[in-house]
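In: Predicted model, plus sequence, below.
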Amino acid sequence: MNREDRLDLMLLYAAGALDPEETQAVRAALDAGDPDAVAALDRAREILAQLPEALPPRLAPASIQARLNERIADQTTGVSRPDAQPPPWGLRLAGWMAAAAVLALAVGVAWGLLSAQAQRHDRELAALERQILELDTDLRVAEQQAAAARQILEAARREADDRARRIASLSEENRTLAQTAEQRAGRLAEAETGRGLLANQLEQARQTLAALATPTGRAVILPGTEDQPRAGARLIYDPPQNQALIFAHDVGPPPAGQTYQLWVVTEDGRTVSVGTFVPDAQGNVAARFELPRDPGPVQLAAVTNEPEGGSPQPTGQFQLLGEF
């Protein structure tokens, strides 16, 4: 509250024109010894005391003078006073002027108080209007910021959706590429296997041709037994060249912990070990053995299943068997 507002409030308080709540608040400030409130009250009382002196003297209208004279005459009617004299005109005029002064004073005080209160209300109303304008401005700014935030949020949502779609598309492409790579790896493995088979077959053919080209090599067919009904083999037996070659197909894997062993049976009934072998995953065999010595004429060739490392004499079942 500024100085002018405080003075207006004290003028209304001194004139008794405040409502009960405002009166109680002013009294509390005065009781607390607020120096600004006490000074404003003293100033308000000085202003109210000077109001009668500030009014200019005026003559009463003739009608008012007549009414005053009539009231005075009525009050003195029926009173018998030998020494009573009607009051002189000057005295009556002074009384009228005093009454008029009091009336003017009351009107002036009331008008001043009402003017002060109206000004205070106008200032309060102007302050409220400024606050409303500021709040309205803040509200418009907040609405603009909210609209901008909604636009940013919508743009972020669209960007997130686009990224999600791109990620999903890339994931699908990655799955497709992975499947393609897996298929290509499978085909490559098949090609490698096929190449290995072809190389093995080529080597078998080369060795077979080389063995068959020697005049000392003997060939024998070894059909599969009941344990290997689908298997079959060709043996090139060449003691003068200290070698023996076996080429087999559809040979099943040996039992766990065992291997296959090739034997030749001489005409005098001796069984001689040539070597051991294991078929590949497709059941194919292409093996060359060096003969340590010539056992003499042979009449049979056989393959049995033996413990790993081989046996001095056959202990397992015949898998392949053929006559020279």
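Out: Looks like it came in fine. Numbers count the residues shown, from 1 in each chain.

In: Could you measure from the residue nearest to N242 when sequence neighbours are not counted over to A248?
Out: Of all residues not flanking N242 in the chain, L291 sits nearest, at 4.8 Å (C-beta to C-beta, 6 or more residues apart in numbering). Quick note: C-beta positions are derived from backbone N, CA and C, even for glycine. As defined by C-beta to C-beta, to the nearest Å, L291 lies at a distance of 19 Å from A248.

In: Looking at these two, which has the bigger crowd around it?
Out: Using other C-beta atoms under 10 Å as the criterion, L291 and A248 rank with A248 on top: 26 against 18.

In: and that one, that one's in a strand?
Out: Yes: under DSSP: H, G, I helix; E, B strand; the rest coil, A248 falls within a strand.

In: can you give me the helices for the chain?
Out: In the chain, the helices defined using DSSP state H lie at 3-14, 20-31, 35-54, 62-76, 89-213.

In: Give me the pLDDT for the closest residue to T304 other than its chain neighbours.
Out: Excluding its sequence neighbours, the residue lying closest to T304 (C-beta to C-beta, 6+ apart) is G316, at 4.2 Å. If you check G316, the pLDDT there is 95.

In: same deal with V251?
Out: pLDDT recorded at V251 is 97.

In: Now do the contacts for it.
Out: G224, Q228, A231, A233, Y260, P279, G283, N284, V285, Q319, L320 (C-beta atoms under 8 Å, 6 or more residues apart in numbering).

In: who does the fifth one bridge with?
Out: If I follow you right, that is Y260. For Y260, the beta-bridge partners under DSSP bridges are F277, N305.

In: Equivalent analysis for the first one, please.
Out: Residues in a beta bridge with G224, per DSSP bridges, are L320.

In: from what I can see the residue nearest to N242 touches S273, true?
Out: No: L291 is not in contact with S273 according to C-beta atoms under 8 Å; the separation is 10.3 Å.

In: weakest of the helices of the chain by average pLDDT?
Out: helix 62-76 (a mean of 65).

In: contacting residues around L12?
Out: Counting by C-beta under 8 Å, 6+ apart, L12 makes contact with L18, E22, L113, A116, Q117.

In: what do you get if the cut-off is 10 Å, keeping everything else the same?
Out: L18, D19, E22, T23, V26, A44, G112, L113, L114, A116, Q117, R120 (C-beta atoms under 10 Å, 6 or more residues apart in numbering).

In: count of residues packed around the last one?
Out: Counted with other C-beta under 10 Å, residues neighbouring R120 total 18.

In: Run through the residues that contact it.
Out: M1, E4, D5, L7, D8, L9, L11, L12.

In: what's the answer for the second one, then?
Out: Residues in contact with D19, defined by C-beta under 10 Å, 6+ apart, are L12.

In: Could you do D250 as well?
Out: G224, Q228, P229, R230, A231, G232, A233, P279, Q282, G283, N284, V285.

In: Roughly how far does the residue lying closest to the second one once chain neighbours are set aside sit from D250?
Out: In this case it means Q228. Excluding the flanking residues, the one nearest Q228 by C-beta to C-beta, 6+ apart is Q319, at 4.7 Å. Counting by C-beta to C-beta, the gap from Q319 to D250 is 11 Å.

In: Spell out which residues are contacts of both of these two.
Out: Shared contacts of Q319 and D250, defined by C-beta under 10 Å, 6+ apart, comprise G224, Q228, A231, A233.

In: Show me which of those is closest to R206.
Out: A233 (17.6 Å; C-beta to C-beta).

In: Give the burial count for the closest one, as a bare number.
Out: 24.

In: sorry, back to before: who touches both of L291 and S273?
Out: Here L291 and S273 have V264 as joint contacts, going by C-beta under 10 Å, 6+ apart.

In: Generate a ChimeraX selection restricted to the buried subset of the shared contacts of Q319 and D250.
Out: Under the burial definition 16 or more other C-beta atoms under 10 Å, those of the shared contacts of Q319 and D250 that qualify are selected in ChimeraX by:
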select :224,228,231,233
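
In: if we can go back for a sec, just put the helices of the chain in TSV and tack on distance to G309.
Out: Output for the helices of the chain, formatted as TSV (distance: least, C-beta to C-beta, whole Å):
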stretch	distance to G309
helix 3-14	119
helix 20-31	117
helix 35-54	119
helix 62-76	156
helix 89-213	24
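
In: how much space between E159 and R166?
Out: 10 Å.

In: my bad, should have said D268
Out: D268 is 84 Å from R166, by C-beta to C-beta.

In: for Q282, same thing?
Out: 47 Å.

In: Ok, V272 next?
Out: V272 is 74 Å from R166, by C-beta to C-beta.

In: And those two? Which one has more around it.
Out: V272 (17 against 10).

In: My guess is that one contacts P297. True?
Out: No: under the criterion of C-beta atoms under 10 Å, V272 is not in contact with P297, lying 11.6 Å apart.
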